[in-house]
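Student: 3D model of this:
(2 chains)
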Amino acid sequence: MQSGNPLLDHLFRRAGFGASAADLQAVAGLSYSAVVDYLVDFEKQPDDVDSKIGLAEYVSVTSRGQFSPSTNIDDARQRWLFRMIHTRRPLQEKMALFWHNHFGVGYSKVAGTLGNVVGTKMMANKAGDTPGPQGHYELLRQMGLNKFRDLLLAVSQDPAMLWFLDGRTNTSTRPQENFGREVMELFTWGLGHYVEADVYAAARVFTGWNLRSVAENGELAAAYQEFVYRSAEHDTTAKTFTFPINGGSNTIPARSAGAGLQDGYELLLSLANHPETARRLAGKLWNFFVSELEAADPAFIEAVTDVYLRSGTDMRAVLRYILNSRWFMDPGNFNARYSWPVEYVVRTIKEMGWNGFSVDSAHVPLTNMGQTLFEPPNVAGWQLGAAWFGTGQMLARMNFAAALASNQKFNLARSFSAAERAQPAGVLDGMLKRMTPAPFAANETTELLGYLTAGEPWTGSDTQMNAKAPGLARLIAGSGEYQFM
Amino acid sequence: MATRVTRREFIREGVAAFTLSFAAPAFLVDIARAQGAVSRSLVVIYLAGGNDALNTLVPYTDPFYYSRRPGIAVPAAQVLQIGADLSGKAFGFHPRLNGLQTIFNQGGLAIIQRAGYPNSSRSHFQGTDIWGTADPNNSAGIGWLGRYLDTLPSPIDPLAGWNTSGATYRALTGNNLSMPSITDPRNYSFASPNSGAEAIYERNSAIRLASMAGPDRPSLSFVNATATAAFATLDRVGSVVGYQPTVAYPNNGFAQALTTVAGSIVKGIGTRVYWVQTGGFDTHSGQGNAGGGAYADLMTTVGDGLLAFYNDLRNQGLLDNTLIIEFSEFGRRISENGSQGTDHGAGGLMMAIGGSVRGGIYGTAADLNPRPDNATLENAGGDVTYETDFRSVYARVLDGWMGADSTAVLGGNFRSNAPAFI
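Tutor: Numbers count the residues shown, from 1 in each chain, chains lettered A, B, ... in the order given. Sure, this is the predicted structure:
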């Protein structure tokens, strides 16, 4: 909903999923930079969102038997959507989404061999829900604003990543290049800073970074995979790169098998600490937080790179800097980003209403829009920006808006004051306090008003409101303006 | 080093260019017919992830194939023999490709060995982009199929191309057309929270709203144009839903996409270019060999799906009007890794299928002996070097099938040494 302060609305759309009444109440009276702190220092807000699942005043989930978000992928998807809608820590979920795209690990490959239960645990096990390590997304959620170098190391030893990029079978006799390549091409500095020989050397660095299967009591629900360093499978010879390792020589020296984990630490640290990695992340953050319509300002890239390097790769410092920066706060960059399908769905639910609606109903529409949580198309993540939009995907967005508006028909129809209901302009104004599209042009506003009186003159009767309020909500949520955020 | 680009740059160029030249007419439904009956279709099949060409088309007489792939080689006794290339090297298909063997034996399948380009990118993403732009030195900008569609008379029918995948590929991006992405025609409908006259008022408003943003708001116009194109194509796409194929297609996403393509060809909805993608080819581990494993399953999907499509089109009398071409972003490493898989390599394999195709094995095989003077290999004998420039295959398709001028679409003359498969 609109706060009346466009900058605050912008902040909640970008660093969250749009402001709810509860969000605005929590930050009432705070200065802008204090609201940024509220979002960035999210640990100060309670992580109590899961305890609200199933309560009446929140969006519903659909369970088939017991609701099992750590062992059933459909339930894991529902839990994540629920969190995005109702969290008191919007930036935490937002960064988890950002990293989910950055690290690009998908459920199907994992579950294809290990089965749905173990596969879901590997992606989404919440620490303590079931035995074994927390899932990939839980890790991203825990560490999303930590130091990038710590996040990179954790992801490199994350069972889902070791499965997805085949590190589990990387051994000294015949190294496996999949992770060694993508850690440079996609996770850190990108193409242009290394050659094929570096890929081969990186593959050898990570030999022995494998997985071990733990089966408890023969129960599938207790079985899991965990990281193991198999020193006997580690290539102990020296590895030479075309770039310096930790600012020193280009060579990771030969060392004993027992000390071989150090090879990986050194390479990951070198990559995480490199200015080119900082620049690449800064570019992605520009697109995610500032604008997809304007190329990144070189001054922004250098400023963010500087914060990143000085803070020892601290994403919390980086985010605090970006959200307080002149680029972020520039009104020219409001609504300058194409919403991702998940962002679109969550914001539409938050703004249109959820009473009696189950997030499970969003799964098929999200797939039709081109984004299934836990299932990026490949390790590079989704294609963003205008690439989200094609005829089929746009229809899926419009049809999701129709389904939700239909579900919320009476809530929408009864949400207007008597004064608003007195005339079409009042209903449109009321709806635009609730929904937050990019501003409509005058002819578009005229068209929306025309819709309200199409068929019969305006009376504001219950019957008329029952038809026109959901119709108007659908038109707004299905408009081009609403696809931007 | 190759040019570095970001997706955002690609998107921005695409949107800007698109909006400048795209004027969305109010009703586009009849444009396909106005542009004349379309008799020829091109179906482009992308095997995503880097297909292991050496286990698709097995050089079963090369001893180095076996010595370098002890765990994943297909035993000579199990390959589906299809004869030899001009150099006399014998080949057999992977045993799960009996569907392709059937098509090959009927003369409808051309295999182009060692397709690729110099200094092959071993990156999935840059590689796929290069196959899209058809320019090894530039992986940014619009794609070859988009550029072809741009050559059609304006206004271009929004259904001139049909992407059956949910993702956007560089090959499909053009200046004048945003290729519709329609994964399942059954979902391609327009819903309203109301019914009857109210639903129609709302739909009409939505259609008008989508036409209002001017060129001063290019990104908004772009998004609106996808809605406009959707409204304009609902009925034609809907006509495909009722298609009754003449054969039973396998029950997987690839075959279902091919069923949709067959349906729209049969219904004559005017589409010229279809894009079908099937993934899972990034087989770094657990690839398996003849008997099973991930790669065998992939071959079943490809072979059985294409045979069903081929037979369906033949039964409908449309095989002669359809050309299928297949590619992947690179071939894989010759030697297997320690995970019973293969890492990213270079030269790959293309195929062309159809009633007008001159079947056979084109090009000459690599010698898999990693000796230093072996010119058919690169990367210290690790990878197969390309022989046929993939752009010459594109040129053949454009000139010989689409009736276009390949030099204009590809930005150069790649006709020489093109395999004469059509």
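Student: any idea whether the nearest residue to A:L211 once chain neighbours are set aside is helix, strand or coil?
Tutor: Excluding the flanking residues, the one nearest A:L211 by C-beta to C-beta, 6 or more residues apart in numbering or on different chains is A:R168, at 4.1 Å. The way it works is simple: take the backbone N, C-alpha and C, and place the C-beta from them, glycine included. Three-state call for A:R168 (DSSP: H, G, I helix; E, B strand; the rest coil): helix.
Student: neighbours of A:R168, just the number please.
Tutor: Applying other C-beta atoms under 10 Å in any protein chain shown, we find 23 other residues in the vicinity of A:R168.
Student: go on, the one 3 residues further on?
Tutor: Other residues near A:T171 come to 19 when the count uses other C-beta under 10 Å.
Student: shaky segments in the stretch 151-300 of chain A?
Tutor: For the stretch 151-300 of chain A, the stretches with pLDDT under 70 are A:216-222.
Student: Can you tell me which residue of it sits closest to chain B?
Tutor: A:R174 (3.0 Å; C-beta to the nearest C-beta).
Student: how far away is that residue from A:D235?
Tutor: Distance check for A:R174 against A:D235: by C-beta to C-beta, to the nearest Å, it reads 10 Å.
Student: cool, and A:A26?
Tutor: In terms of C-beta to C-beta, A:A26 sits 52 Å off from A:D235.
Student: List, one by one, the residues from the stretch 301-422 of chain B near chain A.
Tutor: When proximity is defined as C-beta under 8 Å from any C-beta of the partner chain, the stretch 301-422 of chain B approaches chain A at B:336-341, B:343-344, B:379.
Student: got a list of what B:G355 touches?
Tutor: By C-beta atoms under 8 Å, 6 or more residues apart in numbering or on different chains, the contact set of B:G355 is B:108, B:313-314, B:319-322.
Student: Get me the contact residues on the stretch 201-350 of chain A for chain B.
Tutor: Going by C-beta under 8 Å from any C-beta, the residues of the stretch 201-350 of chain A near chain B are A:283, A:287, A:292-293, A:295, A:338.
Student: rerun at 6 Å
Tutor: Within the stretch 201-350 of chain A, the positions near chain B by C-beta under 6 Å from any C-beta of the partner chain are A:287, A:292-293.
Student: Now the buried members of those.
Tutor: Buried members of these, counted by 16 or more other C-beta atoms under 10 Å in any protein chain shown: A:287, A:292-293.
Student: sorry, back to before: top of the contacts of B:G355 by neighbour count?
Tutor: That'd be B:L313 among these, by other C-beta under 10 Å, with 28 neighbours.
Student: What separation is there between the nearest residue to that residue once chain neighbours are set aside and chain A?
Tutor: Closest residue to B:L313 apart from its sequence neighbours, by C-beta to C-beta, 6+ apart: B:L319 at 4.5 Å. Noted for B:L319: a distance of 28 Å to chain A, by C-beta to the nearest C-beta, to the nearest Å.
Student: correct me, but B:L319 touches B:D312?
Tutor: No. With contact defined as C-beta atoms under 6 Å, B:L319 and B:D312 do not form a contacting pair (9.1 Å).
Student: Got the phi and psi for the residue in the stretch 101-250 of chain B that chain A sits nearest to?
Tutor: At 3.3 Å from chain A, B:S181 is the closest residue in the stretch 101-250 of chain B, using C-beta to the nearest C-beta. Dihedral pair for B:S181: phi -110, psi 110, per degrees, to the nearest 10.
Student: Quick check: beta-bridge partners of it?
Tutor: Taking DSSP bridges as the rule, B:S181 bridges to B:N163.
Student: Quick one: residues contacting it.
Tutor: A:390, A:392, B:163 (C-beta atoms under 6 Å, 6 or more residues apart in numbering or on different chains).
Student: outside of the helix or strand hosting the second one, which residues touch it?
Tutor: A:G392 belongs to helix A:391-407 when elements are defined using DSSP states H and E. Residues from elsewhere that reach helix A:391-407 (C-beta under 6 Å, 6+ apart): A:352, A:357, A:365, A:368-370, A:470, A:473-474, A:477-478, B:180-182, B:191-193, B:226-227, B:229-230.
Student: which residue packs closest to the closest residue to chain A within the stretch 201-350 of chain B, ignoring adjacent ones?
Tutor: Of the stretch 201-350 of chain B, the residue with the smallest distance to chain A, taken as C-beta to the nearest C-beta, is B:G338 at 3.0 Å. Distance criterion C-beta to C-beta, 6+ apart; nearest residue to B:G338, sequence neighbours excluded, is A:R174 at 3.0 Å.
Student: ok, now A:F12?
Tutor: Per C-beta to C-beta, 6+ apart, closest to A:F12 is A:A19, 3.8 Å.
Student: go on, B:I361?
Tutor: Distance criterion C-beta to C-beta, 6+ apart; nearest residue to B:I361, sequence neighbours excluded, is B:D85 at 4.4 Å.
Student: So which bits of stretch A:63-80 are buried?
Tutor: A:63, A:68-80.
Student: Check those residues one by one and keep those near chain B.
Tutor: Among those, not one lies near chain B by C-beta under 6 Å from any C-beta.
Student: before we move on, back to that, turn the contacts of B:S181 into CSV, columns for neighbour count and pLDDT.
Tutor: Formatted as CSV, those follow (neighbours: other C-beta atoms under 10 Å in any protein chain shown; pLDDT from 0 to 100):
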residue, neighbour count, pLDDT
A:G390, 27, 90
A:G392, 26, 92
B:N163, 27, 95
